[in-house]
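# here you go, sequence then predicted model.
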Amino acid sequence: MTDSPSTKDIHRADRHFLHPWEDVTAIGETPRTVLMDSEGIYVTDSHGNRMIDGPGGMWCVNVGHGREEIVEACADQMRRLSYFSPWSMASDVAAALAKRLAALAPGDLNNVFFTTGGSTAVDSALRFAFFYNNCLGRTEKKHIISRVNAYHGSTYLTGSCSGKMREKAEMDMIEDHIHFLSCPKPKDRPEGQSLEDFAAEKVAELEAMILSVGPEKVAAFIAEPVMASGGVIVQPEGYLAGCAEVCRKHDVLFIADEVVTSFGRLGHYFASESVFDVQPDMLTTAKGLTSGYQPLGALFISDRLIAEITAATNEGKGFTSGFTYSGHPVACAAAMANLDIFERDGLLEHVQRIAPHFEAALMSLSDIPVISDIRVKGLMAGIECELDPANPDEDRDMAFAAQVDAICQRHGLLLRPVYNACVMSPPLTISESQIDEMVRILRIGFEEALAA
């Protein structure tokens, strides 16, 4: 029997893992926390420290860690059928999952295109928008409208549609066909402007952009119901529904990026219709679809779009896009077991019951002077920090948020700093007492950071 590797051994090996968003001039110079074990809402590091998983992995561990039902479902599927080619074959588990998801999705989103994750789901949605317009003979209708602070993925196309401008400085992007609206962040509205007027202004901005580019050229508007990686930006009530109405008026597809907000994060399987009164033309998901146990994403396409392509042609039209692991049977088995847990444990109802407590507990931190905004929707939250609002300094405030994160980790809570915001999206199984413990540690983190 060999001894477990030490943390130093793991760090030496990890030097060869080029992590996402890593500074390539300093690979391996900042040793990461090494996670070794997990259970429920907790993770344990290589030193034996147990911490609440505040980010829920990466917005994804919705049913919590260590679910034996998912482990066994994956193992059983591996024994039975470990892989099939989605180009030429079908599998029982992928077919069953597609049918189950279509029944859960809003409206006529009955066509499920499986992908490898969120980025490839969004990339597929954008490519389908181009394909759709080509099939209808509208070859100039290829422009995409997104928003500043949006995040839609890490492919060339989805990265180009993401509006986190700080992260795009050294990366090539598509520029001539992608347009950005200002961020619909209520905190930044002019003093004295009502939320209703702010929402109307942002909806009008979308219409002005469509008219400026030309409705005959704009293919789609893509939007997260809550802008997750932008810092949990909760848009004003009525804004998304107003955007959807503008899109319908000008024959522009509305793509709902629900990679984060689906599968219980806002208390529903999908948030677009249930929470925001929007029926999208396409919808993307990933993350909570398997609760992170396996990589899997999905694009939902409306029957209307398929019917319009069919009516426009007398010949076949192949959507020549896909992935070696589309509908991977083991990932689909994980998703089926994940959905079983949702149903058996009443997780959607649990989130709906506990979300008000989550919001109230976090709002109790509003007395901390450095906190300039607390944004909460369902079980996702962003706490924005500004040390000196009269003298803005993003680097200074980002460093402070990172300091809060480090202090909280020492006290037993993982956070995720996103610019100058501390972001949380814990497993949906969290209890009221565990929420209270999260907030207790958060307060310590802010107080110790301010005293440093």
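It's in.

# contacts, neighbours, all on C-alpha from now
Fine.

# which pLDDT value goes with the residue nearest the centre of the chain?
Taking CA atoms, centre = their mean, the centroid of the chain lies closest to residue 260, which sits 2.9 Å from it. We have a pLDDT of 98 for residue 260.

# over to it. Which of the three states is it?
Per DSSP: H, G, I helix; E, B strand; the rest coil, the secondary structure class of residue 260 is coil.

# what's near enough to touch it?
Each residue near residue 260 by CA atoms under 8 Å, 6 or more residues apart in numbering is listed here: 59-60, 228, 285-288.

# separation between it and residue 246?
24 Å (CA to CA, to the nearest Å).

# and if you look at residue 328?
Distance from residue 328 to residue 246, by CA to CA: 37 Å.

# pretty sure residue 53 is touching residue 40, no?
No. The pair residue 53 / residue 40 is not scored as a contact, 9.1 Å apart, by CA atoms under 8 Å.

# neighbour count for those two, which is higher?
Per other CA atoms under 10 Å, whichever of residue 53 and residue 40 has more neighbours is residue 53, with 29 against 18.

# just list the residues touching that one, thanks.
Residue 53 touches 41-43, 413-415, 426-427, counting by CA under 8 Å, 6+ apart.

# can I get the residues you listed in CSV with distance to residue 86?
Listed next are those as CSV, based on distance: CA to CA, whole Å:
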residue, distance to residue 86
41, 35
42, 36
43, 35
413, 41
414, 38
415, 38
426, 34
427, 32
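
# now do the buried residues in stretch 132-147.
By neighbour count on 16 or more other CA atoms under 10 Å, the buried set for stretch 132-147 is 132-133, 135, 141-147.

# what about that stretch, distance to the chain center?
Here stretch 132-147 shows a centroid-to-chain-centroid distance of 25 Å under the convention CA atoms, centre = their mean, to the nearest Å.

# cool, and stretch 66-76?
Distance, centroid of stretch 66-76 to centroid of chain: 24 Å (CA atoms, centre = their mean).

# again, but for stretch 308-326
On CA atoms, centre = their mean, the centre of stretch 308-326 falls 27 Å from the chain's centre.

# what do you get for stretch 119-129?
Distance, centroid of stretch 119-129 to centroid of chain: 15 Å (CA atoms, centre = their mean).

# and if you look at stretch 144-157?
12 Å.

# contacts made by it with the rest, please.
Under CA under 8 Å, 6+ apart, the answer for stretch 144-157 is 118-120, 122-123, 158-159, 161-165, 173-174, 177-183, 218-224, 227-230, 257.

# which of these fall in strands?
Per DSSP state E, strands hold the following members of the contacts of stretch 144-157: 178-181, 218-223, 227, 257.

# number of residues surrounding residue 406?
18.

# kindly apply the preceding question to residue 315 instead.
Residue 315 has 7 nearby residues by other CA under 10 Å.

# equivalent analysis for residue 434, please.
14.

# kindly report the same for the one 10 residues further on.
Applying the criterion other CA under 10 Å, we find 15 residues in the vicinity of residue 444.

# quick check, pLDDT for the closest residue to it other than its chain neighbours.
Sequence neighbours aside, residue 408 is the residue nearest to residue 444 in space, at 7.3 Å (criterion: CA to CA, 6 or more residues apart in numbering). As predicted, residue 408 sits at a pLDDT of 98.

# mind checking the SS state of residue 408?
Following three-state DSSP, the label given to residue 408 is helix.

# quick one: it from residue 418, how far?
15 Å.

# what about the two, which has more around it?
In this view residue 408 and residue 418 are compared by other CA under 10 Å, and residue 408 has more residues nearby, 25 against 19.

# wait, residue 161 sits on residue 178?
Yes. With contacts counted by CA under 8 Å, residue 161 reaches residue 178, the gap being 6.5 Å.

# more crowded one of the two?
Taking neighbours as other CA under 10 Å, residue 161 and residue 178 compare with residue 161 leading, 30 against 17.

# so the more buried one versus residue 221, what's the distance?
Residue 161 is 10 Å from residue 221, by CA to CA.

# so which of the buried residues of stretch 132-147 is the closest to residue 112?
Proximity of the buried residues of stretch 132-147 to residue 112 (CA to CA) peaks at residue 132, which lies at 15.8 Å.

# cheers, nothing more for now.
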